[in-house]
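**Student:** Dropping the sequence and predicted coords here.
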Amino acid sequence: MTKKQTLGSAKVAPYVFILPFIASFLIFYLYPIISTFIMGFQQVYPGQVEFIGLENYRKLDNPEFKVALKNSFRYTVYTIALLIPIPLLLSVWLNSGNRTINTVYRSVLYIPSLVSIVVAGTIMRLLFASSDKSLVNTLAIAVGAEPRQWLLGGPHQAMILLLILALWRWVGVNIIYFLSGLQAIPDELYEAADIDGASQSQKLWRITIPLLKSTTIFVTTISIFGGFAMFEESFILWAGKPSPNNVGLTIVGHLYNKGFQEGEMGMASAIGIVLLIIVFTLSISFLKLFGFFEAEGRR
Amino acid sequence: MARIYHHSRRSFFKYLLLTVVALIYLVPLYSLTLAAFRPGRDLLRYGITLKTLIPADLNLSTFKGLYTIRDGIYFTWFGNSLLLMLLQTCLALFLSSFVAYGLSLYRFKGRKIVTTLVIFLMLVPIQILILPLYKLMITISLIDTFWGVFLPMIVSPFAIFFFRQYIDGVPRDLIDAGRVDGLNEYSIYFRIVIPIMPPAFSAMAIFMSMQSWNNFLWPLIVLRTGEKFTLPIGLNTLLTPYGNNYDLLIIGALAATLPIIIVFIFFQRYFIAGLTSGGVKG
């Protein structure tokens, strides 16, 4: 070999280029994950640690964690059930007709995602305030329903509030994903279907939806991660305080309370590991179910 | 003829429904805008009411609260957010495109694993990692510093993925021409690749600036002192039941939101581009 293996050589350069990623991966991803895993078996006091085996995991068998699990799970299922069909339908609508008008609608629906969660949550708190005069209660009274104490009401009200917030913030983003998927579908397919005399709904079910499969898989996957990682929304809605009867408590919320409020680092780590396992098991089995990995391999 | 009639009726209903949805979607921001010019006391007591939404009797002087309440700490927060946004975005653009170039251009051992890892990490939400990251920040004494806030964010898997797609589309002849001219591997990146990156840079810059501007959970954990808070963290501390806090909270929320919406209106294309080519592909 005549060329010297210096930093400038084409053999070494690629590794120099990827170095920032490797470093950041090791420091900010791998190390934290491993240390969470280890801390999960420890009782962590300031300045000293004690190995306590599975004790932290045993302690997870408490009513609070179960509520958190249930809330996160329900939130994820509901957000997927809402945030896929609605944006899909809206994006099909926004993909045909006058382009300029469609852009306006698309922008209006997208803008809420630009708003900080602190601002979005604050507005929701004020719109759904407990007073009879708040906008939502005024509307409720106008249609003959009872005014409610939305934030202080039961688990149903809490979930509805969280879902409304999610709908407001994420419909526009998912529309953009679906629109970009729709634009990849060749027009010829629809022209051919027109010649065969297919109806609008036949075109939707036989062409559009099947061909949006990879977009749908992508959106579902990020929804699984996002749903189980939800915390900030309920943190702001209940102004950083515990929600009554933990109606807004999520897995990450429980982790935050244990780790940052009560200083139970070991138990918080155990929660973190359980969360990682749930999210990865769900998303990987979901991706497997839809043959995502095989499709990737073939390419 | 019947068909055209049918068609236009269908599109009439489509746009009617879209208009209703769009109007509902505008209610929260419209409410915020008007609420910002009302006394905080009333908002605290009644929330946003029907009366808030009628654009009359606006008290335009509420914006003075931005620099009078708590000695104008709002502008400190605003400045902190701006500084962090610039630091984080510039560093992330440079480092992520650097990595992307390496992944796109060379066939080397481990390339596939690294690429898979990048895609995988794109999905991992930071919420899952906050606890050990926090411990790490304590160990290396970066708690309550700006470094602690932006360092974990500067190599963004999402941006790497986005830039890799972009560089994949650069004609190889261009790069080979650089080699023929005797440029080394790094000069090719700096002198040939960076100059053709601006479209990709602008899309990611906007996307990342917005993420940094709105970032909440991580700065909440890292920052401790009021003078170091970013806007979302500062505003969050105002969510306590005192009328005076609400005065600053609402006008402050509006002042934190307007800049992004204005930027969005002018650079819409880049927002959409930053969002799509990252995620959905074939």
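**Tutor:** That came through, no problem. The structure presented is a predicted model; accordingly, all values stated were derived computationally and were not measured.
**Student:** Contacts only, for residue A:97.
**Tutor:** Residues near residue A:97 by C-beta atoms under 8 Å, 6 or more residues apart in numbering or on different chains: B:11, B:14, B:15. Backbone N, C-alpha and C define where each C-beta goes, glycine included.
**Student:** Could you find the lowest-pLDDT member of those residues?
**Tutor:** For those, the weakest pLDDT value sits at residue B:11, with 81.
**Student:** per-residue confidence for the residue nearest to that residue when sequence neighbours are not counted?
**Tutor:** Counting by C-beta to C-beta, 6 or more residues apart in numbering or on different chains, residue A:97 is the residue found nearest to residue B:11 once chain neighbours are left out, at 6.2 Å. Per-residue pLDDT puts residue A:97 at 83.
**Student:** Give me the phi and psi angles of residue A:97.
**Tutor:** Taking degrees, to the nearest 10, you get phi 100, psi -160 for the backbone angles of residue A:97.
**Student:** what's the distance between it and residue A:176?
**Tutor:** As defined by C-beta to C-beta, to the nearest Å, residue A:97 lies at a distance of 17 Å from residue A:176.
**Student:** Check which helices and strands the one helix or strand residue A:50 maps to sits against.
**Tutor:** Here residue A:50, judged by DSSP states H and E, is contained in strand A:48-51. Using 3 or more C-beta pairs under 8 Å, 6 or more residues apart in numbering or on different chains; DSSP states H and E, the elements in contact with strand A:48-51 are strand A:42-45.
**Student:** try it again with 10 Å
**Tutor:** helix A:31-39, strand A:42-45, helix A:265-289 (3 or more C-beta pairs under 10 Å, 6 or more residues apart in numbering or on different chains; DSSP states H and E).
**Student:** Sheet partners, orientation included, of it?
**Tutor:** Looking at strand A:48-51 with DSSP bridges, its partner strands are strand A:42-45 (antiparallel).
**Student:** Report the buried residues of the strand it pairs with.
**Tutor:** Residues of strand A:42-45 classed as buried by neighbour count (16 or more other C-beta atoms under 10 Å in any protein chain shown): A:42, A:43, A:44.
**Student:** wait, what's in contact with the residue in the stretch 51-200 of chain A positioned nearest to chain B?
**Tutor:** Nearest to chain B in the stretch 51-200 of chain A, going by C-beta to the nearest C-beta, is residue A:129, at a distance of 2.3 Å. Residues in contact with residue A:129 (C-beta atoms under 10 Å, 6 or more residues apart in numbering or on different chains) are A:135-137, A:149-151, B:43-49.
**Student:** now with 7 Å?
**Tutor:** B:46, B:47 (C-beta atoms under 7 Å, 6 or more residues apart in numbering or on different chains).
**Student:** which secondary structure element contains it?
**Tutor:** Under DSSP H and E, no helix or strand contains residue A:129.
**Student:** what's the answer for residue A:173, then?
**Tutor:** Here residue A:173 sits within helix A:155-183, counting by DSSP H and E.
**Student:** Can you confirm whether that helix lies near chain B?
**Tutor:** Yes: contact of helix A:155-183 with chain B (C-beta under 7 Å from any C-beta of the partner chain) involves A:168, A:173, A:176, A:177, A:180, A:181.
**Student:** Of these, which pair is most distant in space?
**Tutor:** Spatially, the most separated pair among the residues of helix A:155-183 next to chain B is A:168 and A:181, at 22.4 Å (C-beta to C-beta).
**Student:** Who has more neighbours out of the two?
**Tutor:** More crowded of residue A:168 and residue A:181, by other C-beta atoms under 10 Å in any protein chain shown: residue A:181, with 26 against 21.
**Student:** Without its sequence neighbours, what residue ends up closest to residue 254?
**Tutor:** Going with chain A. Leaving aside its sequence neighbours, residue A:254 sits nearest to residue A:68 (C-beta to C-beta, 6+ apart; 4.1 Å).
**Student:** should've been chain B
**Tutor:** Once flanking residues are discounted, residue B:254 sits nearest to residue B:36: 4.2 Å by C-beta to C-beta, 6+ apart.
**Student:** burial of that neighbour, as a residue count?
**Tutor:** Neighbour count of residue B:36, defined by other C-beta under 10 Å: 25.
**Student:** swap in residue B:21?
**Tutor:** Counted with other C-beta under 10 Å, the neighbours of residue B:21 add up to 17.
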